[in-house]
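**Student:** give me coordinates for this.
(2 chains)
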Amino acid sequence: MLRHVTELVNQHLDEVAALILFGVGFTMLLLDKNLIKKIIGFSMMDSGIYLFLASYGYIGGLRSAPVYTNGVTDPAAYVNPLPAGLVLTGIVVSVSVTAVMLGLTVRLYQRYHTLDMDEIAEQIRKEGK
Amino acid sequence: MPANKKKHDAFARLADWLENGAQPLDEEIGESLADEAYEEENAAEKTIPSVEVKKQTPKKKKRQERHRRKRRDALTVGAYADAWWYRVTAFIVCVSLVGLLLYGVVRMPLFGNADTLADSEVASFYVTHTLEETGAVNIVTGIILDYRGFDTLGESHVLFVAVSSVLLLLSIRGEKDEQERLLESDREQRTEPDHDLVLQGGARLLLPLVLIFGIYIILNGHLSPGGGFSGGAVLGAGLILYQNAFGYDRIGKFFTYRTFRAVSVSALLFYALAKGYHFLTGANHIPGGIPEGTAGAILSGGLLLPLNIAVGCVVTCTMYALYTMFRRGAF
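**Tutor:** Sure, this is the predicted structure:
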């Protein structure tokens, strides 16, 4: 049983690593009270997904990167170009989202002088909700 | 009606915030202690005819009190992050989610297996047709700037909108914040490396290489791995290095807020016009009507090269603007 599991994990090392990265980021997002660390967790989730997608674009054997060499247009000569394009889009969007989140965090810090979500909630309550 | 009723209207508070900026903390807490929500609710209760109040048994009142406190606690998101049940539940959710995903993942096709993904019709279509249809040697560039050019237009706009919203968020300041900002900039002037020899020497050595490499990645994006996004990121990093080594004054001579605005807006406009032209000519492919040149030459691929340059300009400006805004709080 254990040998079976190790074998499976060994065969899918990339995906397992990506998922563990995703899980660590998700746990951080849920369990950490510090807003900056929540944002870091969010970015880690993003990275996990990109690693997952990009690893599925790879095809073994003697295949080159998706750039035409010597005018060969045979699909069997190149790895899958689609995940690269998708991941590029994802990275750009995640950069924008991270920037906006950080901007909001800066505003929160300027107003409440803390990054702790609980304390911010407490102060909002004191302000009179 | 209490005088500070206005404060409890979310919009009025937001307007107040925008107008006057954040107040110093102790002042605000003092103010809010004076008109605690609690008191007001009690006051509201007093207006109820006293007969009714007397009717309530102490038990009922206690229950009401508890109910009210519960409701108030529920209003404050995140205040439960310390509770043991929250931590345990979150941990269980995380572990079971990862376990479930792992269970699914080990049943997916093997890593690097040719039979499963190479046969995907879409991927083979792109590999077979990108060269003749778009003139791009780099298939990924052909996909993102031609087949999915509209998507990339939106993407560049997402970047621009992100910069705009960060600029908006960081520039909401009242008078009291202004003092704080002065303090901040004073502190920064003291901590900023002033004529750091190692940094400046390193920057002098590295900057030409970084900038040339970034420009190469952008210009060669349709021929070799790279393109507007990656090259723009490299150029942006070069500008950030320049700013760190030589200070705001030196970079202010050639890159200011006005430069940022002019470059990114005109790049986006150019992209939008190119895309509009593409729609006008039948929405087949971006190069419609523009000489494609021989594939592999730097001037080939129709509009791919100009579009790469436009995207590169937007990304460079975005990277540098984000860094500067987070560092100084303003551009």
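**Student:** does the stretch of helix or strand residue B:277 belongs to come close to chain A?
**Tutor:** For residue B:277, the element it lies in under DSSP states H and E is helix B:257-280. No. If you take CB under 8 Å from any CB of the partner chain as the test, helix B:257-280 misses chain A, and the best it gets is 13.5 Å. Every C-beta, even on glycine, is put in place using the N, C-alpha and C of the backbone.
**Student:** mind listing what's buried along the helix or strand just after that helix?
**Tutor:** Sequence-wise, the next helix or strand downstream of helix B:257-280 (DSSP H and E) is helix B:304-328. Buried positions in helix B:304-328, judged by neighbour count with 16 or more other CB atoms under 10 Å in any protein chain shown: B:304-325.
**Student:** for stretch A:61-81, same thing?
**Tutor:** Taking 16+ other CB under 10 Å as the criterion, stretch A:61-81 shows A:63, A:66, A:67, A:68, A:75, A:77, A:78, A:79, A:80, A:81 as buried.
**Student:** so who does residue A:9 touch?
**Tutor:** By CB atoms under 8 Å, 6 or more residues apart in numbering or on different chains, the contact set of residue A:9 is A:16, B:106.
**Student:** recalculate using a threshold of 7 Å.
**Tutor:** residue A:16 (CB atoms under 7 Å, 6 or more residues apart in numbering or on different chains).
**Student:** shaky segments in chain A?
**Tutor:** Scanning chain A for pLDDT under 70 picks out A:129.
**Student:** so who does the spatially most central residue of it touch?
**Tutor:** Closest residue to the average C-alpha location of chain A: residue A:46 at 1.4 Å, with CA atoms, centre = their mean. Neighbouring residues of residue A:46 by CB under 7 Å, 6+ apart: residue A:94.
**Student:** one more: residue B:219?
**Tutor:** By CB under 7 Å, 6+ apart, the neighbours of residue B:219 are residue B:298.
**Student:** near chain A, which residues of the stretch 151-300 of chain B? Just list them.
**Tutor:** By the rule CB under 7 Å from any CB of the partner chain, the part of the stretch 151-300 of chain B lying against chain A is B:151, B:155, B:158-159, B:162, B:165-166, B:169-170, B:177, B:224-225, B:229.
**Student:** select only the buried ones of those in PyMOL?
**Tutor:** To isolate the buried ones among those in PyMOL, judged by 16+ other CB under 10 Å, type:
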select buried, chain B and resi 155+158+159+162+166+169+170+177+229
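**Student:** from chain B, how far out is residue A:117?
**Tutor:** Using CB to the nearest CB, to the nearest Å, residue A:117 is found at 4 Å from chain B.
**Student:** the buried residues of stretch A:61-81: which two are farthest apart?
**Tutor:** A:68 and A:80 (14.8 Å; CB to CB).
**Student:** got the angle for the strand or helix carrying residue A:87 vs helix B:304-328?
**Tutor:** Using DSSP H and E, residue A:87 falls within helix A:82-112. Put simply, helix A:82-112 runs at 20 degrees to helix B:304-328, going by axes from the mean of the first three to the mean of the last three CA atoms, to 10 degrees.
**Student:** circling back: in a markdown table: the buried residues of stretch A:61-81, plus distance to residue A:19 and secondary structure.
**Tutor:** Shown next, in a markdown table, are the buried residues of stretch A:61-81 (distance: CB to CB, whole Å; DSSP: H, G, I helix; E, B strand; the rest coil):
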| residue | distance to residue A:19 | secondary structure |
| --- | --- | --- |
| A:63 | 25 | coil |
| A:66 | 25 | coil |
| A:67 | 30 | strand |
| A:68 | 34 | coil |
| A:75 | 29 | helix |
| A:77 | 31 | helix |
| A:78 | 27 | strand |
| A:79 | 22 | coil |
| A:80 | 20 | coil |
| A:81 | 24 | coil |
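**Student:** residue ranges in the stretch 151-300 of chain B under the pLDDT threshold?
**Tutor:** For the stretch 151-300 of chain B, the ranges with pLDDT under 70 are B:173-178, B:181, B:184-194, B:282-292.
**Student:** which residue does it have closest to chain A?
**Tutor:** residue B:162 (3.5 Å; CB to the nearest CB).
**Student:** how near is the residue nearest to the centre of chain A to chain B?
**Tutor:** Counting by CB to the nearest CB - residue A:46 and chain B are separated by 14 Å.
**Student:** in the helix or strand containing that residue, what's buried?
**Tutor:** Using DSSP H and E, the element containing residue A:46 is helix A:35-57. The neighbour-count check on helix A:35-57 (16+ other CB under 10 Å) flags A:35, A:38-39, A:41-46, A:48-57 as buried.
**Student:** would you list the buried residues of stretch A:61-81 in a markdown table and tack on distance to chain B?
**Tutor:** Shown next, in a markdown table, are these (distance: CB to the nearest CB, whole Å):
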| residue | distance to chain B |
| --- | --- |
| A:63 | 8 |
| A:66 | 4 |
| A:67 | 5 |
| A:68 | 5 |
| A:75 | 4 |
| A:77 | 8 |
| A:78 | 5 |
| A:79 | 9 |
| A:80 | 5 |
| A:81 | 4 |
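**Student:** pick out whichever of those sits closest to residue B:135.
**Tutor:** Using CB to CB, the buried residues of stretch A:61-81 come closest to residue B:135 at residue A:68, 10.7 Å.
**Student:** number of residues surrounding the residue nearest to the closest one when sequence neighbours are not counted?
**Tutor:** Spatially, and ignoring its direct neighbours in sequence, residue A:68 is nearest to residue B:137 (4.9 Å; CB to CB, 6 or more residues apart in numbering or on different chains). Other residues lying near residue B:137 total 24 when counted by other CB atoms under 10 Å in any protein chain shown.
**Student:** residue B:271 now?
**Tutor:** 25.
**Student:** next up, the contacts around the residue nearest to residue A:68.
**Tutor:** A:67, A:68, B:222, B:223, B:295, B:296.
**Student:** give me phi/psi at it?
**Tutor:** phi -80, psi -30 (degrees, to the nearest 10).
**Student:** what about residue A:101, neighbour count?
**Tutor:** 18.
**Student:** ok, it to chain B distance?
**Tutor:** 10 Å.
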